[in-house]
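Participant: Next come a sequence and a model predicted from it.
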4 protein chains.
Amino acid sequence: MTVAAQMLDAYPKDLGGVDKDKLRTCIEACFECAQACSACADACLSEDMVADLTTCIRTNLDCADVCDTTGRVLSRHTGYDANLTRAVLEACAAACRACGDECEQHAGMHEHCRVCAEACRRCETACRELLGSLG
Amino acid sequence: MTVAAQMLDAYPKDLGGVDKDKLRTCIEACFECAQACSACADACLSEDMVADLTTCIRTNLDCADVCDTTGRVLSRHTGYDANLTRAVLEACAAACRACGDECEQHAGMHEHCRVCAEACRRCETACRELLGSLG
Amino acid sequence: MTVAAQMLDAYPKDLGGVDKDKLRTCIEACFECAQACSACADACLSEDMVADLTTCIRTNLDCADVCDTTGRVLSRHTGYDANLTRAVLEACAAACRACGDECEQHAGMHEHCRVCAEACRRCETACRELLGSLG
Amino acid sequence: MTVAAQMLDAYPKDLGGVDKDKLRTCIEACFECAQACSACADACLSEDMVADLTTCIRTNLDCADVCDTTGRVLSRHTGYDANLTRAVLEACAAACRACGDECEQHAGMHEHCRVCAEACRRCETACRELLGSLG
């Protein structure tokens, strides 16, 4: 069992009607994607063709920040606010979509973009599935 | 002139059609609000009645994270993506609204909540004005 | 293979003399600990005895921020600076030590503190082992 | 009076022996430097000679993250831990020194690097002065 799953199980109060599995999946996907995007931005920086990757780097940096914040917001349950959660998940899905699309264009040439694009797709899916379950 | 204004002026490429004044105001409001919310969460923690302030602390922490990320996203112009900017600004306005409403309830009793509520209101307004100007 | 491991393998240039296994372990421990600390701060907030947990919450918030930044710095290899890496790892080990000590005091009573203390211990160890390997 | 100063004045408990002016100056310098570094990284990305600025971008990203975390840690006073504060300030001074040195090399050619180098110098000085006052 992951630490995120253990922490969810150890939450002392009720989690409300949230789907615990979708929540855990989304928290883990956000932190995984944040790390992948930070690493991908740096790997792009080290490429000889960095001048062709500046949009990818910017998208990586945005996505890393948004995923990080989303993972933090989702890790909090006290004083839950569905409106805020929804808006943050929408922003995260948008960031992951943009970054996944951008990285995918370089996936054939750069393995780091291929791995990062997959992390973005997983995180976008996790955000949308959690959004769907919020009703 | 603030450092944020100097950095905007020093950006070597075109900023696109964005309203530079509204952008600068919003960047500054985001960083100011992020700091105020981190400080307010901690000041609430130090209150004897902390048990009555747990929703305020949670809202502060969310708002600090969202404002911080929004300030970072808005500080980047290369590879600009209007969809992502809009979604992030919507999330930030929602976070500032929630935190401003919550802090305002304690503003009469806690000066830190009063100051923080004002920072949240300024930041929410700045986000909405920038959103409006994006067309 | 984790995404962090895949991203390390995909880095296009040489990683220098760094111990890749210790680096990967430390990156993963930082993100895991950052998430655990954010969740533990919130779980403490939801406890009826929150007034007795304010130092724990503060330490959790500090540790979450420091681990997050350390995980990001360690995910970058381009333009590596050993002095900065060392200073960041020292700060992260100090944050994890403080948070692990604090959470351990409540581990018998609060499962979230027990899980979080373990994440802090793992992260502190990973930081010290990486520090040791940097020479 | 800045919001950071108002929040410090509104802190409901004693701040301990800390020099309040140096603390406020350092908090403000950290957030200012974090913003400048995020903006400078992006401005470097938009330069035609981005391939010559990859170390500058990496140093900017590290410095933005470390300054942001330092500003947050310094905004918290409840459960104060001098060891952690010192380690974080040392890491922040190291990050600002590295980024200031790197940006200074490009200050004659890039106005954003000149402005950013100055923000880094101010923040490094503020960290060292606060460190000195901690005894």
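Facilitator: Alright, I've got the coordinates. Numbering: from 1, shown residues only, chains lettered A, B, ... in the order given.

Participant: CA only for contacts and neighbour counts going forward, please
Facilitator: OK.

Participant: And the longest helix belonging to chain A, what does it pack against?
Facilitator: Longest helix in chain A, counting residues (DSSP state H): helix A:20-45. Using 3 or more CA pairs under 8 Å, 6 or more residues apart in numbering or on different chains; DSSP states H and E as the contact criterion, the elements in contact with helix A:20-45 are helix A:3-9, helix A:54-74, helix A:111-133, helix C:3-9, helix C:20-45, helix C:54-74.

Participant: Now render those helices as TSV, adding mean pLDDT.
Facilitator: Shown next, in TSV, are the helices and strands packed on helix A:20-45 (pLDDT from 0 to 100):
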stretch	mean pLDDT
helix A:3-9	98
helix A:54-74	98
helix A:111-133	98
helix C:3-9	98
helix C:20-45	98
helix C:54-74	98
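
Participant: Including mean neighbour count, could the ones you listed go into TSV?
Facilitator: Below are the helices and strands packed on helix A:20-45 laid out as TSV (neighbours: other CA atoms under 10 Å in any protein chain shown):
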stretch	mean neighbour count
helix A:3-9	19
helix A:54-74	27
helix A:111-133	23
helix C:3-9	19
helix C:20-45	26
helix C:54-74	27
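
Participant: Of those, which is nearest D:Glu129?
Facilitator: Counting by CA to CA, D:Glu129 lies closest to helix C:54-74 out of those; the figure is 21.2 Å.

Participant: C-terminal to the closest one, what's the next element?
Facilitator: Next in sequence after helix C:54-74, counting helices and strands by DSSP states H and E, comes helix C:82-105.

Participant: List the buried residues for that next one?
Facilitator: Within helix C:82-105, the residues scored as buried using 16 or more other CA atoms under 10 Å in any protein chain shown are C:84-104.

Participant: sorry, back to before: want to throw the helices and strands packed on helix A:20-45 into CSV with distance to B:Leu15?
Facilitator: Listed next are the helices and strands packed on helix A:20-45 as CSV, based on distance: least, CA to CA, whole Å:
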stretch, distance to B:Leu15
helix A:3-9, 40
helix A:54-74, 15
helix A:111-133, 27
helix C:3-9, 32
helix C:20-45, 34
helix C:54-74, 28
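
Participant: To A:Ala39, which of these lies closest?
Facilitator: helix C:3-9 (6.6 Å).

Participant: circling back to that earlier point, from the buried residues of helix C:82-105, which are also near chain D?
Facilitator: The residues of the buried residues of helix C:82-105 that also fall near chain D, by CA under 8 Å from any CA of the partner chain, are C:84, C:87-88, C:90-91, C:94-95, C:98.

Participant: Let's have those residues in CSV, adding distance to D:Leu131 and pLDDT.
Facilitator: Formatted as CSV, these follow (distance: CA to CA, whole Å; pLDDT from 0 to 100):
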residue, distance to D:Leu131, pLDDT
C:Leu84, 17, 97
C:Ala87, 14, 98
C:Val88, 16, 98
C:Glu90, 16, 98
C:Ala91, 14, 98
C:Ala94, 16, 98
C:Ala95, 17, 98
C:Ala98, 19, 98
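
Participant: Which one of the residues you listed is nearest to B:Asp65?
Facilitator: C:Ala95 (19.4 Å).

Participant: quick one: contacts for that closest one?
Facilitator: C:59, C:62-63, C:66, D:84 (CA atoms under 8 Å, 6 or more residues apart in numbering or on different chains).

Participant: before we move on, back to that, right, and the helices and strands packed on helix A:20-45 - which one's nearest C:Arg121?
Facilitator: helix C:20-45 (9.2 Å).

Participant: what about that closest one, distance to the chain center?
Facilitator: With CA atoms, centre = their mean, to the nearest Å as the basis, helix C:20-45 stands 5 Å off its chain's centre.

Participant: That one vs helix B:54-74, what angle?
Facilitator: Orientation check (axes from the mean of the first three to the mean of the last three CA atoms, to 10 degrees): helix C:20-45 against helix B:54-74 gives 140 degrees.

Participant: now helix C:20-45 against helix C:111-133, angle please.
Facilitator: 150 degrees.

Participant: follow-up on the earlier one: which one of the helices and strands packed on helix A:20-45 lies closest to B:Ile27?
Facilitator: Each of those has some distance to B:Ile27 by CA to CA; the shortest is helix A:54-74, at 14.7 Å.

Participant: sorry, back to before: farthest-apart pair in the ones next to chain D among the buried residues of helix C:82-105, please.
Facilitator: C:Leu84 and C:Ala98, at 21.2 Å, using CA to CA across those.

Participant: The residue nearest the centre of chain A: what's it in contact with?
Facilitator: Nearest to the mean C-alpha position of chain A, counting by CA atoms, centre = their mean, stands A:Cys30 at 3.2 Å. With contacts defined as CA under 8 Å, 6+ apart, A:Cys30 is in contact with A:67-68, A:70-71, A:123.

Participant: try A:Asn60
Facilitator: Going by CA under 8 Å, 6+ apart, the list of residues near A:Asn60 reads A:37-38, A:40-41, A:99.

Participant: Kindly recompute the last result at 6 Å.
Facilitator: With contact taken as CA atoms under 6 Å, 6 or more residues apart in numbering or on different chains, A:Asn60 is in contact with A:37, A:41.

Participant: Please report how far it lies from C:Gly71.
Facilitator: A:Asn60 sits 15 Å away from C:Gly71, going by CA to CA, to the nearest Å.

Participant: got it, and A:Thr70?
Facilitator: 17 Å.

Participant: Give me every residue in chain A lying close to chain C.
Facilitator: A:7, A:10-11, A:39, A:42-43, A:46, A:75-76, A:78, A:111-112 (CA under 6 Å from any CA of the partner chain).

Participant: mind running it again at 8 Å?
Facilitator: Residues of chain A lying near chain C by CA under 8 Å from any CA: A:3-4, A:6-8, A:10-13, A:31-32, A:35-36, A:38-40, A:42-43, A:45-47, A:71-72, A:75-78, A:110-112, A:115-116, A:119.

Participant: Check the separation of the first and last residues in stretch A:103-110.
Facilitator: End-to-end for stretch A:103-110, by CA to CA: 9 Å.

Participant: Give me the contact list for that stretch.
Facilitator: Contacts to stretch A:103-110, defined as CA under 8 Å, 6+ apart, come from residues A:56, A:113-117, C:10.

Participant: One more pass at 7 Å, please.
Facilitator: A:56, A:113-114, A:116-117 (CA atoms under 7 Å, 6 or more residues apart in numbering or on different chains).

Participant: want to throw those into JSON lines with distance to chain B?
Facilitator: JSON lines is the format used below for those (distance: CA to the nearest CA, whole Å):
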{"residue": "A:Cys56", "distance to chain B": "8"}
{"residue": "A:Cys113", "distance to chain B": "17"}
{"residue": "A:Arg114", "distance to chain B": "20"}
{"residue": "A:Cys116", "distance to chain B": "18"}
{"residue": "A:Ala117", "distance to chain B": "17"}
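
Participant: nearest to C:Ala51, of the residues you listed?
Facilitator: Looking across the contacts of stretch A:103-110 and measuring by CA to CA, the closest to C:Ala51 is A:Cys116, at 42.2 Å.

Participant: List the contacts of that closest one.
Facilitator: A:36-37, A:40, A:103.

Participant: And it, how far from B:Ser133?
Facilitator: 33 Å.

Participant: Look at the residue of chain A most remote from its centre and give its secondary structure.
Facilitator: In chain A, A:Asp48 marks the outermost C-alpha relative to the chain mean, sitting 27.6 Å out by CA atoms, centre = their mean. Following DSSP: H, G, I helix; E, B strand; the rest coil, the label given to A:Asp48 is coil.

Participant: Next, count neighbours for the residue lying closest to it once chain neighbours are set aside.
Facilitator: Of all residues not flanking A:Asp48 in the chain, D:Ala51 sits nearest, at 7.5 Å (CA to CA, 6 or more residues apart in numbering or on different chains). D:Ala51: 17 surrounding residues under other CA atoms under 10 Å in any protein chain shown.
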